[in-house]
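Trainee: Here is the input, now give the coordinates:
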Amino acid sequence: MKKIFIKSAVLCFSISALFVSCEEELDLSNPTALSLEELLQTDNGFQLLANGVLDAYQKVPANEFLLIELRSDNVRANSENGNFPEINRYNVDPNNGDVATYYSNNMAAIKHANTIIDNRFLAPEDQQFTVGEAYFMRALCHFNLVRAYQNVPYIDKVLDPNIDEARDYPQLPESEVYEKIIDDFKTSIAFLNGAEQNRYRPTEGAAICLAAKAYLSQPNPDYAEAELLLASVVENNSSFGYDLLFTDRDDAEQFEFNADPIDPTIDVLTDQEYYANLAIDFGNVFGNEISGGFSDGTLEGSWSNNPALEINDEVIFSIAYDLVSSDNYVTSDSGLDDQVETDSESHSFAMTLQGPSNGVNIASIDFLEVMNPELEPVRFYASVNPNDYSAFLSNNTIDVFNTKFPTDGEIGDNDWVILRYADVLLLYAEAILAGGNSTTDPRAIDAFNQVRARAGLEEVANLTRQDLLEERRVEFVYENQRLYDLIRFGEADNVLQLFSVQNSLAYTPDKKYLPFPQREIDNLPNFYTQNNGY
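Mentor: Numbering: from 1, shown residues only. This is a model prediction of the structure:
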């Protein structure tokens, strides 16, 4: 079995209009639901509640790329189906279903986290870590929301069903939301200190790194605090068990015999063979392995998910998705293992080949100018489909799909990686750069060059702000980072307005953020305000 099943506990309450109502059973393996009071008195009640938080979060990644990656310069939509083209054009309707669903899915997970936090003083000693997990997940969900919608309420308790209590939680200025996010991450660090390391659960290391990312993302970045937090991880990465998946040249596999010109009996490792080793490493980060082999200086074959690879040193925190049979999944909503419509399927369908073949998440021409085998001899082969790219060179109307989520349609089970060590290294360099144009600080240079080395690229001696932004673009394509990187670096308007002009889109500075869901505004009349531009 590749991972824990996030299946056992889902607790639902009647709540205000801020939240999605739900009626799932508490324990789907047992149709007899317990009340909250009964659950809190069981030996593993808080553990079950914590599983319920992670379970609720499984819904969040399912449509995230539509709202985030599809509004960057990395990808495009080639379809008139559904909401995709309008999102891609920056013409997002406040009534858009994906806009409302992403908001409510995050709020649902927040509700589950608040259930634990509200009752934290009842948690037994051996389950104190679940309180830390709850603070972590509450912070993460609000981090998602503030970056997507900007000014949002910060829900810090389970709300009673009467609408008046919801009115105690107005939209807050972005800066205040970030203060609360950082406070929650810091609180989680204290509770998670000494807890077991688990890539599928919040941990101290993940909380430290995401707190630092929040410091960098707030309207007035606190580079010094971010640097201190990230240094505590980067300078002690072995104690946390974090590292890049990286094959040293001396340990690389030689796929073909290449005679040394001086001594023909010696097999020389070519650059192309080494790049192939590194491409395999990069694919392994996401739990992917490649079939086929190496021929004519090129890595050949197709990528597929191998669950055994998904727990690795580079992944710091990910959301688990499990394939149980050829086309069925286990999540909390499955009820029975043979139920078809599940969170995992929704995530898989959106992010794998069948999703893009419906006309979304296709590499933009602009992106392919920087993601090609000449400039990216490693990441290219594990990020985009090289066969599509070859066809694209002859006809630039050909769609080029991604290979980070390679399994066809609804039979994929790739986990969703929220945080990995490459991100930590580049965030550390960003914190040291501290908003400047360049740095020669050896700590930033070393962190940056570690990521470059795994990509088969030359080291740099001077790191510029633009170098860092572009490195993040090619490293994290299809991971929903590009739009937020542009906003954090203050480049969203410059880059996306030019991209919009070149592609007949409708970006304006107000469109950095999504509209606040109209459904939420209608549920509380004269309370929430719509974002500018909508």
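
Trainee: In contact with Arg482, which residues?
Mentor: Going by CB atoms under 8 Å, 6 or more residues apart in numbering, Arg482 touches Glu69, Ser72, Asp73, Asn74, Arg472, Arg473, Phe476. C-beta coordinates here come from the backbone N, C-alpha and C atoms, glycine included.

Trainee: same thing but 6 Å
Mentor: For Arg482, the contact set (CB atoms under 6 Å, 6 or more residues apart in numbering) comprises Ser72, Asn74, Arg473.

Trainee: Out of those residues, grab the one that's most surrounded.
Mentor: Neighbour tally across the contacts of Arg482 (other CB atoms under 10 Å): the maximum, 28 neighbours, falls on Asn74.

Trainee: Does that one touch Glu479 like I think?
Mentor: No. Asn74 lies out of contact with Glu479 (CB atoms under 6 Å); the separation is 9.9 Å.

Trainee: Secondary structure element holding the closest residue to Pro153 other than its chain neighbours?
Mentor: Spatial nearest neighbour of Pro153, chain neighbours left out: Tyr169 (4.0 Å); criterion: CB to CB, 6 or more residues apart in numbering. Tyr169 is part of no helix or strand, with elements assigned from DSSP states H and E.

Trainee: likewise Ala148?
Mentor: Counting by DSSP H and E, Ala148 is part of helix 129-149.

Trainee: could you give me the average pLDDT of the next helix or strand after that helix?
Mentor: Downstream of helix 129-149, the first helix or strand assigned by DSSP H and E is helix 163-166. For helix 163-166, mean pLDDT rounds to 81.

Trainee: Just the C-alpha atoms of helix 163-166, please, in PDB.
Mentor: Provided in PDB are the C-alpha atoms of helix 163-166 (Å, rounded to 0.1, in the frame of the first residue of the first chain):
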ATOM      1  CA  ILE A 163     -26.200  34.100  10.300                       C
ATOM      2  CA  ASP A 164     -25.400  36.800  12.800                       C
ATOM      3  CA  GLU A 165     -22.300  35.000  14.000                       C
ATOM      4  CA  ALA A 166     -21.000  34.900  10.500                       C
END
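
Trainee: elements contacting the very next helix or strand once past that helix?
Mentor: The C-terminal neighbour of helix 163-166 among helices and strands, as given by DSSP H and E, is helix 174-192. If you count contacts as 3 or more CB pairs under 6 Å, 6 or more residues apart in numbering; DSSP states H and E, helix 174-192 packs onto helix 129-149, helix 204-217.

Trainee: what about the ones you listed, which gets the closest to Asn78?
Mentor: Checking the helices and strands packed on helix 174-192 against Asn78 by CB to CB gives helix 129-149 as the closest, at 23.9 Å.

Trainee: what's the closest one packed up against?
Mentor: By 3+ CB pairs under 6 Å, 6+ apart, helix 129-149 packs against helix 45-57, helix 97-118, helix 174-192.

Trainee: Please work out which of the ones you listed is packed deepest.
Mentor: helix 45-57 (a mean of 25; mean count of other CB atoms under 10 Å).

Trainee: What angle do helix 97-118 and it make with each other?
Mentor: 170 degrees (axes from the mean of the first three to the mean of the last three CA atoms, to 10 degrees).

Trainee: Show me what helix 45-57 is packed against.
Mentor: helix 97-118, helix 129-149.

Trainee: Can you lay out the ones you listed as TSV showing mean pLDDT and distance to Ile208?
Mentor: What follows is the helices and strands packed on helix 45-57, written out as TSV (pLDDT from 0 to 100; distance: least, CB to CB, whole Å):
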stretch	mean pLDDT	distance to Ile208
helix 97-118	97	19
helix 129-149	99	11
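
Trainee: Tell me which of those lies nearest to Ser232.
Mentor: Between those, helix 129-149 lies closest to Ser232; by CB to CB that is 16.7 Å.

Trainee: ok, Ile290 touching Ser304?
Mentor: No. With contact defined as CB under 6 Å, Ile290 does not reach Ser304; the gap is 7.9 Å.

Trainee: Nearest to Leu419 among the helices and strands packed on helix 45-57 would be which one?
Mentor: Among the helices and strands packed on helix 45-57, the nearest to Leu419 by CB to CB is helix 129-149 (9.5 Å).

Trainee: quick one: contacts for Leu498?
Mentor: By CB under 6 Å, 6+ apart, Leu498 has no neighbours at all.

Trainee: Look up how far Ala492 lies from it.
Mentor: Going from Leu498 to Ala492 by CB to CB, to the nearest Å gives 11 Å.

Trainee: where does Leu514 land in three-state SS?
Mentor: Following DSSP: H, G, I helix; E, B strand; the rest coil, we place Leu514 in the coil state.

Trainee: what's the distance between it and Ala62?
Mentor: 16 Å.

Trainee: ok so, going back, so which of the contacts of Arg482 sit within strands?
Mentor: Counting by DSSP state E, no part of the contacts of Arg482 is found in strands.

Trainee: nearest to Leu245, of the residues you listed?
Mentor: Nearest to Leu245 among the contacts of Arg482: Arg473, at 20.0 Å, using CB to CB.

Trainee: Ile290 and Ser304: which is more packed in?
Mentor: Remark: of Ile290 and Ser304, Ile290 carries more neighbours, 22 against 17, as counted by other CB under 10 Å.

Trainee: Run a quick neighbour tally on Asn396.
Mentor: 10.

Trainee: Per-residue pLDDT of it, please?
Mentor: 89.

Trainee: Spatially, what comes nearest to it if we skip its sequence neighbours?
Mentor: Closest residue in space to Asn396, ignoring its immediate chain neighbours: Ile365 at 6.2 Å, by CB to CB, 6+ apart.

Trainee: where's the one you found relative to Arg473, distance?
Mentor: Per CB to CB, Ile365 is found 14 Å from Arg473.

Trainee: One more: Tyr381?
Mentor: 17 Å.

Trainee: what does Asn402 give?
Mentor: Asn402 is 14 Å from Arg473, by CB to CB.

Trainee: just Ala391 next, same as before
Mentor: Ala391 is 23 Å from Arg473, by CB to CB.

Trainee: Number of residues surrounding the closest residue to Phe129 other than its chain neighbours?
Mentor: Once flanking residues are discounted, Phe129 sits nearest to Ala195: 4.0 Å by CB to CB, 6+ apart. Per other CB under 10 Å, the neighbour tally for Ala195 reads 16.

Trainee: Could you look up the SS state of Ala195?
Mentor: Secondary structure for Ala195, judged by three-state DSSP, is coil.

Trainee: Is it correct that it is in contact with Gln128?
Mentor: No. Taking CB under 6 Å as the definition, Ala195 is not a contact partner of Gln128, at 8.4 Å.

Trainee: give me every residue that touches Ile68.
Mentor: Contacts of Ile68 (CB under 6 Å, 6+ apart): Asn480, Leu483.

Trainee: so what's it scoring on pLDDT?
Mentor: 96.

Trainee: measure it to Ala166 for me?
Mentor: 26 Å.

Trainee: where's Asp271 relative to Glu174, distance?
Mentor: 46 Å.

Trainee: how many neighbours does the nearest residue to Asn96 once chain neighbours are set aside have?
Mentor: In space, and not counting its chain neighbours, Asn96 is closest to Asn83: 5.5 Å by CB to CB, 6+ apart. Here the number of neighbours of Asn83 (other CB under 10 Å) works out to 20.

Trainee: where does Asn83 fall, phi/psi-wise?
Mentor: phi -90, psi -10 (degrees, to the nearest 10).

Trainee: ditto for Arg420
Mentor: The phi/psi pair for Arg420 (degrees, to the nearest 10) reads phi -130, psi 160.

Trainee: residues near it, how many?
Mentor: A count of neighbours around Arg420, defined by other CB under 10 Å, yields 25.
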